[in-house]
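1. Model the structure of this input:
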Amino acid sequence: MPRPLVYLLYNLLLPVVLIVGLPSFLIKGLRRGGLARNFRQRLGFFSAETLARFRGKNPIWIHAVSVGEIFLALKLIEALRSAAPHQSIVLSTTTTTGYRVAAEKECEALTVIHNPVDLPWIAWWVLRRIDPSALVLVEAEVWPNLVGLAKHRGVPVLLANARLSPRSERRYAKVRSIIEPVFSLLDGVTVPFAEDVVRWSALGIPADRIEVTGSVKFDNAGHAASAGALQQELGEWLTTTGMPSERRILLAGSTHDGEETLIAGVWRALREEFPDLRLVVVPRHAERGGEIVHQLREDGFDPILRAGPDRVGSTIQEGVIVDASRRVWISNTTGELRAWFTQAEVVVIGKSFRGIGGQNPVEPILAGRPVIVGPHMENFAEVVDELHRSKGLRQLDDEEALPGALREILLDPAGGRAMAERGAATMARHAGSAARNAAWILHRLGEG
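-> The predicted model follows:
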């Protein structure tokens, strides 16, 4: 399909989608806070202080979607600042939670903003005000107007650590004639795996613009340092809320609806054989904390939240839990999952039993913890296949196998550590990916 027709259709449909989605956006904004700043910046209006941070500096503009992509972008930014200390950077994000995580890292050289709505006049206005030296999109966040107008201004448009799940690949293949005119505008793409070159080439990106750099997501650089900053705080919270000093923690990470009660039920059964086993849940969406508390209470548990009205438990008496078989710790805060992995004896990855797609299994492995995943890891198929072949993680066919798999690891801690070591060795080829991506970006700008 001709590019002008693609853009015409897109710009006719986008306002309709935005109007339909506006009530939901406003409700979420009111619930999560920061609605006024969020709304203004999405329409291209910035405070004088924010404008002064990037005016005249020709920053590299990096865009990421949500929390997971923000962590990846921050790794990339750290590598860019190491290679080019004086380079100004703007980081934009789509979600409020992503903004909060990114804002914690804001400094003189890094400005964090909400991503502008991809209407042509807004994208043009924001590009004009930021005046970036390059636009770097993280993973797969390709906005047609932003990309097209950046190209019109002569700004290189790059896609870093491009991910394409099997589901997305099938969906894109059905509409290739529509997306190819936009994807072909990209000046360069980095991908984690060699197999990704063929996938992205099929979407209209010439193969000579695609470079295999390994996955920034699985790059372990700085992992221990970033996790260590929170370890003591998390340990103190557990202790003050009744967690005994002698314990083994089963961590359910990035869980989705239904998985908290599933894993809690398995944990309750295992407690008979492993009385020192405790359960910590870190849901994928922190705002589900209250919902999870309600569900677990209905099942007879005594949940406690890390933040919110249920952060004070009901069964602590002089620092001792009256009925330890009922207490479940829920970390309903953002940006702490990596540090939680270091507290765990074994990790179960969410969205893999009662959801579709799975969540990242690599970070707990890099933290030296054995990992169990369910059958639905479609979004991480390549890396799970690698880890499965090297026996670096345990993937189950169904949820009925979960009690037995956990029991095996709890009975053989050394075997669990060996599994994590094999997984880490498998992921070693991704080490340095952030630095390689940073060098690639700077080379595109003529600085490397």
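
2. Please count neighbours and contacts with C-alpha atoms only from this point.
-> Noted.

3. in the stretch 201-350 of the chain, which segments are predicted with low confidence?
-> The stretch 201-350 of the chain contains residues with pLDDT under 70 at 221-229, 309-323.

4. Grab the nearest non-local neighbour of residue 101.
-> Closest residue in space to residue 101, ignoring its immediate chain neighbours: residue 335 at 6.4 Å, by C-alpha to C-alpha, 6 or more residues apart in numbering.

5. SS state for the one you found?
-> For residue 335, the assignment made with DSSP: H, G, I helix; E, B strand; the rest coil gives coil.

6. Please verify my assumption that it contacts residue 100.
-> No - using C-alpha atoms under 8 Å, residue 335 is not in contact with residue 100, being 9.2 Å away.

7. hmm, who's touching stretch 188-205?
-> For stretch 188-205, contacts defined as C-alpha atoms under 8 Å, 6 or more residues apart in numbering pick out 157-164, 169, 172-173, 176, 179-181, 183-186, 207, 209-216, 430, 437.

8. repeat that with 7 Å
-> Residues outside stretch 188-205 that contact it (C-alpha atoms under 7 Å, 6 or more residues apart in numbering): 158-163, 176, 180, 183-184, 207, 209-215.

9. Also stretch 148-165?
-> 124, 133-140, 147, 186-192, 215-216, 378-379.

10. how about stretch 142-161: buried residues?
-> 142, 144-151, 155-161 (16 or more other C-alpha atoms under 10 Å).

11. Widest-spaced pair of these?
-> Farthest pair in those (C-alpha to C-alpha) is 149 and 161. Separation: 22.2 Å.

12. And the average pLDDT for the helix ranked longest in the chain is what?
-> Ranked by residue count and defined by DSSP state H, the top helix of the chain is helix 3-32. Mean pLDDT, computed over helix 3-32, is 83.

13. from the chain's centre, how far out does that helix sit?
-> Helix 3-32 sits 23 Å away from the centroid of its parent chain (C-alpha atoms, centre = their mean, to the nearest Å).

14. next one: stretch 47-57
-> The chain centroid and the centroid of stretch 47-57 are separated by 28 Å under C-alpha atoms, centre = their mean.

15. Just the CA atoms of it, as CSV, please.
-> The C-alpha coordinates for stretch 47-57 follow below in CSV (Å, rounded to 0.1, in the frame of the first residue of the first chain):
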residue,chain,number,x,y,z
SER,A,47,7.0,23.5,31.8
ALA,A,48,9.7,26.1,31.3
GLU,A,49,12.0,24.1,33.6
THR,A,50,11.6,21.0,31.5
LEU,A,51,12.1,22.9,28.2
ALA,A,52,15.3,24.4,29.6
ARG,A,53,16.7,20.9,30.3
PHE,A,54,16.9,20.0,26.6
ARG,A,55,16.7,23.3,24.6
GLY,A,56,19.7,23.7,22.4
LYS,A,57,21.3,20.4,23.4
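
16. which residues make contact with the helix or strand that contains residue 262 from outside it?
-> Element membership of residue 262, judged by DSSP states H and E, is helix 259-270. Residues outside helix 259-270 that contact it (C-alpha under 7 Å, 6+ apart): 296, 325, 350, 353-354, 403.

17. does residue 348 sit in a helix, a strand or a coil?
-> strand.

18. Which SSE is immediately downstream of the helix or strand where residue 150 lies?
-> Secondary structure from DSSP H and E places residue 150 in helix 144-152. Using DSSP H and E, the next helix or strand after helix 144-152 towards the C-terminus is strand 157-160.

19. Can you give the strand pairings for that next one, parallel or anti for each?
-> strand 134-138 (parallel), strand 188-191 (parallel) (DSSP bridges).

20. Now do the host helix or strand of residue 128 and helix 3-32, the angle between them.
-> If you go by DSSP H and E, residue 128 is part of helix 120-130. With axes from the mean of the first three to the mean of the last three C-alpha atoms, to 10 degrees defining the directions, helix 120-130 sits at 80 degrees from helix 3-32.

21. Tell me the spacing between the most centrally placed residue in the chain and residue 260.
-> Nearest to the mean C-alpha position of the chain, by C-alpha atoms, centre = their mean, lies residue 68 at 1.2 Å. Distance, residue 68 to residue 260, using C-alpha to C-alpha, to the nearest Å: 21 Å.

22. Work out for me the element residue 239 sits within.
-> helix 223-240.

23. now the helices for the stretch 51-200 of the chain?
-> All helices of the stretch 51-200 of the chain, identified by DSSP state H, counting those that start in this stretch, fall at 67-83, 96-103, 120-130, 144-152, 166-174, 176-183, 195-201.

24. how about TSV for those, with distance to residue 42 added?
-> Formatted as TSV, the helices of the stretch 51-200 of the chain follow (distance: least, C-alpha to C-alpha, whole Å):
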stretch	distance to residue 42
helix 67-83	17
helix 96-103	12
helix 120-130	8
helix 144-152	13
helix 166-174	26
helix 176-183	22
helix 195-201	29
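
25. Thought residue 436 was touching residue 216, still the case?
-> No - between residue 216 and residue 436 there is no contact under C-alpha atoms under 7 Å: 9.1 Å.

26. Between the two, point out the one with more neighbours.
-> residue 216 (27 against 19; other C-alpha atoms under 10 Å).

27. ok, that one - contacts?
-> 72, 161, 433-434.

28. tell me the mean pLDDT over the helix holding residue 150?
-> On average, helix 144-152 scores 96.

29. same deal with stretch 125-137?
-> 96.

30. Quick check: end-to-end length of that stretch?
-> Using C-alpha to C-alpha, the end-to-end distance of stretch 125-137 comes out at 18 Å.

31. Give the buried residues for it.
-> Those would be 126-127, 129-137, for stretch 125-137 by 16+ other C-alpha under 10 Å.

32. for stretch 392-401, same thing?
-> By neighbour count on 16+ other C-alpha under 10 Å, the buried set for stretch 392-401 is 392-396, 399.

33. Just the closest of those residues to residue 47, please.
-> Using C-alpha to C-alpha, those come closest to residue 47 at residue 393, 47.9 Å.

34. And this protein, split by domain according to the record?
-> The record's domain parsing of the chain by automatic domain parsing lists 3-219+436-444, 223-430.

35. hang on, the earlier thing: quickly check the buried residues of stretch 125-137 for the two that are furthest apart.
-> Within those (distances taken as C-alpha to C-alpha), the two that end up farthest apart are 129 and 137, at 18.3 Å.

36. what does the model give residue 174 for pLDDT?
-> According to the model, residue 174 carries a pLDDT of 85.

37. how many neighbours does it have?
-> Around residue 174 there are 10 residues (other C-alpha under 10 Å).

38. now the buried residues of stretch 392-401 as TSV including pLDDT, distance to residue 266 and secondary structure?
-> Formatted as TSV, those follow (pLDDT from 0 to 100; distance: C-alpha to C-alpha, whole Å; DSSP: H, G, I helix; E, B strand; the rest coil):
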residue	pLDDT	distance to residue 266	secondary structure
392	96	23	coil
393	96	19	coil
394	97	17	strand
395	97	17	strand
396	97	14	coil
399	96	10	helix
